[in-house]
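Novice: sequence and predicted structure below; questions after.
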Amino acid sequence: MICQRCGYCCLTSWVFIVDDPTKGIKEGNLIEQDGRSSRCKHLIGDKPGEYSCAVHNEKWYKKTPCFSHGQIEQSKDTPCRMGEYILKKQT
């Protein structure tokens, strides 16, 4: 899936995230991101279509729920349908 950088997942999803990126994934360094009270603290940007993740390039990122996020798709090169929908609503 190709992320459309709409921010939807980071603004609404309930996941556990790494609190301090320098410590990585370890006991005591995971916090709940509930998607209701606040956006993910690692979300960079303020405009749908231009968001990015501050920890996306960390070596431990592939072990996170965020990395596993996807959709039913035919190819990894398929654009995220939710992202396309969110961005169309913004215009």
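Specialist: Done, it's in. All values derive from a computational prediction rather than experimental measurement. Residues are numbered from 1 along each chain as shown.
Novice: contact partners of the worst-scoring helix or strand of the chain on mean pLDDT?
Specialist: Within the chain, judged by mean pLDDT, DSSP states H and E, the helix or strand with the poorest mean is helix 65-68; its value is a mean of 89. Helix 65-68 is contacted by residues 9-10, 15-17, 53, 61 when judged by Cβ atoms under 8 Å, 6 or more residues apart in numbering. No exception for glycine: its C-beta is placed from N, CA and C like everyone else's.
Novice: can I get those residues in a markdown table including secondary structure, neighbour count and pLDDT?
Specialist: Conversion of those to a markdown table gives the following (DSSP: H, G, I helix; E, B strand; the rest coil; neighbours: other Cβ atoms under 10 Å; pLDDT from 0 to 100):
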| residue | secondary structure | neighbour count | pLDDT |
| --- | --- | --- | --- |
| C9 | helix | 21 | 92 |
| C10 | helix | 23 | 93 |
| V15 | strand | 18 | 89 |
| F16 | strand | 13 | 91 |
| I17 | strand | 20 | 95 |
| C53 | strand | 20 | 96 |
| Y61 | helix | 17 | 96 |
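Novice: distance to R81 added to these, as JSON lines?
Specialist: Below are these laid out as JSON lines (distance: Cβ to Cβ, whole Å):
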{"residue": "C9", "distance to R81": "12"}
{"residue": "C10", "distance to R81": "17"}
{"residue": "V15", "distance to R81": "20"}
{"residue": "F16", "distance to R81": "25"}
{"residue": "I17", "distance to R81": "24"}
{"residue": "C53", "distance to R81": "19"}
{"residue": "Y61", "distance to R81": "23"}
